[in-house]
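Enquirer: I would like the atomic coordinates for the input below:
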Amino acid sequence: MKRIASVLLLVFSILLNKVMASNQPESYQLKRLKGKLSIDARWDKAQWNKIEEIPIARFMGNLPAFQPVVKAKMMYDQDNLYLIYKVEDKHVRIQNTKFNSSVSTDACVEFFFSPDVEWPLRYFNLEINAGGTGLMAYHQEGKRINLKEEDFKGVEIAHTLPKYLEQEIAEPVTWYLEVKLPLIMLRKYAKITQPKKGVTWKANFYKTSSRSTNPHYITWSEVKNPKPQFHLPQFFGNITFR
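Expert: All right, here's what the predicted structure looks like:
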């Protein structure tokens, strides 16, 4: 009887640990870039080869007929953040070509982040469609401040698909997008905790395409909400600078 009780206790402990682990936000360790990085959307560049992948694989809402496979990588240096995305996609839509237009209706990758450790619910949303058109804003206590296009021009973006598609790419296609995001631009809109070893920002990574023939909403760190919604910073994961 004691043995059975011990086994049951062990099983319960394992299940409890799994539940507790599932309730924890995701975490990622950012390596510091050594040298320079050409922004050309090449996933296989030497600088990215040893960088850990970020799996963007949690679907919100109804599961789409085709499930894109999405990965990202991230690095930093004294002055910039660097991101690259690899998307194994289908039904790719690219219709928006103006800054701060509705890029999330297209095939779109997104990075939401809180750069001030004292205010984790204040955040930027950076959204870029597969054609390289961006949208960016800062959110503070329910107030949204859209970034000016003249400031956003300091962001370097490379992409492998055309800027505009008259029709969706119906067949499977793998596309890449790479970004260099200057910290000096962010400081025009918010207080920034300087990235350095040991500093942790709150953040999340997403992929969406809300108006394609295969609508979907995918997250890195789990967002617990009945309907697809990315603007919930309380569910951001942790990115820690090394």
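
Enquirer: for the residue nearest in space to the middle of the chain, list the residues it contacts.
Expert: To find the centre residue of the chain, average its C-alpha atoms and take the closest one (Cα atoms, centre = their mean): that gives residue 205, at 1.9 Å. If you count contacts by Cβ atoms under 8 Å, 6 or more residues apart in numbering, residue 205 has them with 54, 56, 72, 109-112, 219-221. Using the backbone N, CA and C atoms, a C-beta is placed for each residue, glycine as well.

Enquirer: what's the helix or strand for the nearest residue to residue 232 once chain neighbours are set aside?
Expert: For residue 232, ignoring the flanking residues on the chain, the nearest one in space by Cβ to Cβ, 6 or more residues apart in numbering is residue 223 at 5.6 Å. In the assignment (DSSP states H and E), residue 223 maps to no helix and no strand.

Enquirer: number of residues surrounding residue 223?
Expert: Around residue 223 sit 20 other residues, with neighbours defined as other Cβ atoms under 10 Å.

Enquirer: quick one: the strands in this protein?
Expert: In the chain, strands defined by DSSP state E lie at 27-32, 54-56, 58-59, 69-76, 80-89, 108-114, 123-129, 134-140, 143-146, 156-159, 173-182, 200-208, 217-219, 237-241, listed in chain order.

Enquirer: tell me where the model's unsure across the chain.
Expert: In the predicted model, the chain carries pLDDT under 70 at residues 1-22.

Enquirer: roughly how far apart are residue 216 and residue 65?
Expert: Here the distance between residue 216 and residue 65 works out to 9 Å (Cβ to Cβ, to the nearest Å).

Enquirer: neighbour count: the two, which is higher?
Expert: Counted by other Cβ under 10 Å, residue 216 and residue 65 do not tie: residue 216 has more neighbours, with 24 against 11.

Enquirer: so the more buried one sits against residue 209, correct?
Expert: Yes: here residue 216 reaches residue 209: they are 6.2 Å apart, a contact under Cβ atoms under 8 Å.

Enquirer: what about residue 27, how many residues close to it?
Expert: Here the number of neighbours of residue 27 (other Cβ under 10 Å) works out to 11.

Enquirer: what pairs with it across the strands?
Expert: According to DSSP bridges, residue 238 are recorded as the beta-bridge partners of residue 27.

Enquirer: report the contact partners of residue 108.
Expert: With Cβ under 8 Å, 6+ apart as the criterion, the residues that contact residue 108 are 127-130, 207-209.

Enquirer: again, 7 Å this time
Expert: Listed by Cβ atoms under 7 Å, 6 or more residues apart in numbering, the contact partners of residue 108 are 127-129, 208-209.

Enquirer: sorry, back to before: closest one to residue 96 among the strands of the chain?
Expert: With respect to residue 96, and counting by Cβ to Cβ, the nearest of the strands of the chain is strand 123-129 at 6.0 Å.

Enquirer: adjacent strands (with direction) for the closest one?
Expert: In the sheet, strand 123-129 lines up against strand 108-114 (antiparallel), strand 134-140 (antiparallel) (DSSP bridges).

Enquirer: alpha carbons of the first one, as PDB, please.
Expert: It refers to strand 108-114. As requested, the backbone C-alpha atoms of strand 108-114 are provided in PDB (Å, rounded to 0.1, in the frame of the first residue of the first chain):
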ATOM      1  CA  CYS A 108       3.200  39.100 -41.600                       C
ATOM      2  CA  VAL A 109       5.700  38.500 -38.800                       C
ATOM      3  CA  GLU A 110       5.700  40.600 -35.600                       C
ATOM      4  CA  PHE A 111       7.800  41.400 -32.600                       C
ATOM      5  CA  PHE A 112       6.200  43.000 -29.600                       C
ATOM      6  CA  PHE A 113       8.500  44.100 -26.800                       C
ATOM      7  CA  SER A 114       8.700  46.100 -23.500                       C
END
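
Enquirer: much appreciated, bye for now.
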